[in-house]
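Novice: test case, fold it:
(one chain, ligands or ions: 1)
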Amino acid sequence: AAHAFWDTQPVPKIDAQVEKSGPIEVKTLDDVRKEPLTLPALFEWVVLDVNDQVQLNDVYTLLNENYVEDDDNMFRFDYSIPFLKWALQPPHYLKDWHIGVRVKESKKLVAFISAIPATINVDKTDSVKMVEINFLCVHKKLREKRLAPVLIKEITRRVNLQNIWQAAYTAGIVLPKPVASCRYYHRSLNPKKLVECKFSSLPPRVSMSLLIKLNRVEENTKCPGIRPLTKADVPSATRLLAKYLSQYSLAPSMSEEEVWHWLAPQKNVMDCYVVVDPKTGEVTDMCSFYTLPSSVIGNPKHKTLKAAFSFYNIATSVPLVDLMADALHLAKKGDFDVFNCLDIFENSKFIKEHKFQPGDGNLQYYLYNYATQTKDPSAMGLVLL
Ligand SMILES: COc1cccc(CC(=N)NC(=O)c2cccnc2OC2CCNCC2)c1
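Specialist: Numbering: from 1, shown residues only. Below is the predicted model of the structure:
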């Protein structure tokens, strides 16, 4: 009964050895239930219209109070309202895939799960139409009632109705069966606040003033002419991304429309900076990070931690280490307290040099209904929000 639910799903068994890559089960639309899964009596399914401020606020509040916490329950992700709208409405999104559960009586939103469309290249050979599953959340008071499996089955059903049979998702826990087990790292930008929030601690025999000095970032940028991405950069940025991501075993393939959606600079949501060839105007380098604050639980002095999460970074005309020095400088200038990344892409190249510290957990990547060999984190080229 270890994985009562997951052992019923088309995912590799935790101890499986993969023979060949590909879908685990093949079904047709005829095999897909036409009616929603059955919920416990007091609850009803709803579709959230994230264009409706009131409903978007319900999603914000549910996540703000009940979503992922760190292992010591000292911090909880606090995705902002503009961020959630951006994350849930990429090109070709479906409203039907923003699924909620409300209490019939009170209409209180007590659970949520979302899917967004994405084309994911697997093993550099297969281009698979998938969805990215995110924001699975059950209210703290409704845990251990087997609600999450119902949410997962219902979103699977609605995605299958659109003839999509694969998904990508991440989790902080080990389930059958990670396609990659990644470690996360953080680079302190505001060490005094991080110590006051107990996110990090003062090393022995290190004074606060010394810790501040040790974590100072460059006063200026190193990359010549680095500036925010503009819409005019999108065609060359799209080509640069496609070329760069083609080297990874799991990576998205993005249209120009998707590149602009995901990388357009947006205050408190997305920062993206580029270096362009002075002669041709083509994008040669880019660094990007998204804004995901965390609530600081029960701290008298600080309510929130402003964290930058590394997104897509490509260096072809400058060293990656210099590009990331600029990312850290720009994040510090943007008043971020910490800069987070995973050991995916070539991130290990700058993690040491730029004084990143290991986090206390792993982020597991998963594929639904697709068997493939376990990947080294450095073969991963996909970032989920
Ligand atoms: C400091 O506040 C936290 C609040 C909640 C959880 C964690 C630890 C954690 N679980 N971190 C990550 O999952 C993580 C660490 C580095 C980079 N991306 C990450 O997760 C992203 C991607 C998956 N969806 C959540 C955000 C920290």
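Novice: which residues of this protein lie near the ligand?
Specialist: Counting by C-beta under 6 Å from any ligand atom, the residues of the chain close to the ligand are 68-70, 75-77, 170, 172, 184, 292, 294, 305, 309, 340, 342, 359, 361, 363, 384. Backbone N, C-alpha and C define where each C-beta goes, glycine included.
Novice: can you classify residue 72 by secondary structure?
Specialist: coil (DSSP: H, G, I helix; E, B strand; the rest coil).
Novice: list the contacts of the closest residue to it other than its chain neighbours.
Specialist: Spatial nearest neighbour of residue 72, chain neighbours left out: residue 360 (7.6 Å); criterion: C-beta to C-beta, 6 or more residues apart in numbering. Contacts for residue 360 were tallied using C-beta atoms under 8 Å, 6 or more residues apart in numbering; they are 70, 71, 72.
Novice: secondary structure element for residue 360, which one?
Specialist: Residue 360 belongs to strand 357-368 when elements are defined using DSSP states H and E.
Novice: what comes up buried for that strand?
Specialist: Under the neighbour-count criterion of 16 or more other C-beta atoms under 10 Å, strand 357-368 has 359, 362, 363, 364, 365, 366, 367, 368 buried.
Novice: and those residues, which two are furthest apart?
Specialist: 359 and 368 (25.4 Å; C-beta to C-beta).
Novice: where does the residue in the stretch 201-350 of the chain that the ligand sits nearest to land on pLDDT?
Specialist: Closest residue of the stretch 201-350 of the chain to the ligand, C-beta to the nearest ligand atom: residue 294 (3.5 Å). With respect to pLDDT, residue 294 has a value of 98.
Novice: mind starting the numbering at 383 from now?
Specialist: Sure thing, new numbering starts at 383, so read that last one as residue 676.
Novice: tally of neighbours for it?
Specialist: Residue 676 has 22 neighbouring residues, counting by other C-beta atoms under 10 Å.
Novice: residue contacts, the closest residue to it other than its chain neighbours?
Specialist: Leaving out its chain neighbours, the residue that sits closest to residue 676 by C-beta to C-beta, 6+ apart is residue 457, at 4.1 Å. Applying C-beta under 8 Å, 6+ apart to residue 457 gives the contacts 451, 579, 581, 676, 677, 678, 679, 687.
Novice: which of these sits closest to residue 463?
Specialist: Residue 463 has its nearest neighbour among these in residue 677, at 14.4 Å by C-beta to C-beta.
Novice: I'd say that closest one and residue 686 touch.
Specialist: Yes: Residue 677 is within contact range of residue 686, at 6.0 Å (criterion: C-beta atoms under 8 Å).
Novice: higher neighbour count, the two?
Specialist: The neighbour comparison of residue 677 against residue 686 (other C-beta under 10 Å) goes to residue 677, with 19 against 14.
Novice: could you point out which element follows the one helix or strand the more buried one maps to?
Specialist: In the assignment (DSSP H and E), residue 677 maps to strand 676-678. Beyond strand 676-678 on the C-terminal side, the first helix or strand identified by DSSP H and E is strand 686-687.
Novice: for that following strand, packing partners?
Specialist: Secondary-structure packing of strand 686-687 (3 or more C-beta pairs under 8 Å, 6 or more residues apart in numbering; DSSP states H and E): strand 676-678.
Novice: list the neighbouring strands of the strand it packs on plus their orientation.
Specialist: Note on strand 676-678: by DSSP bridges, its sheet partners are strand 457-459 (antiparallel), strand 686-687 (antiparallel).
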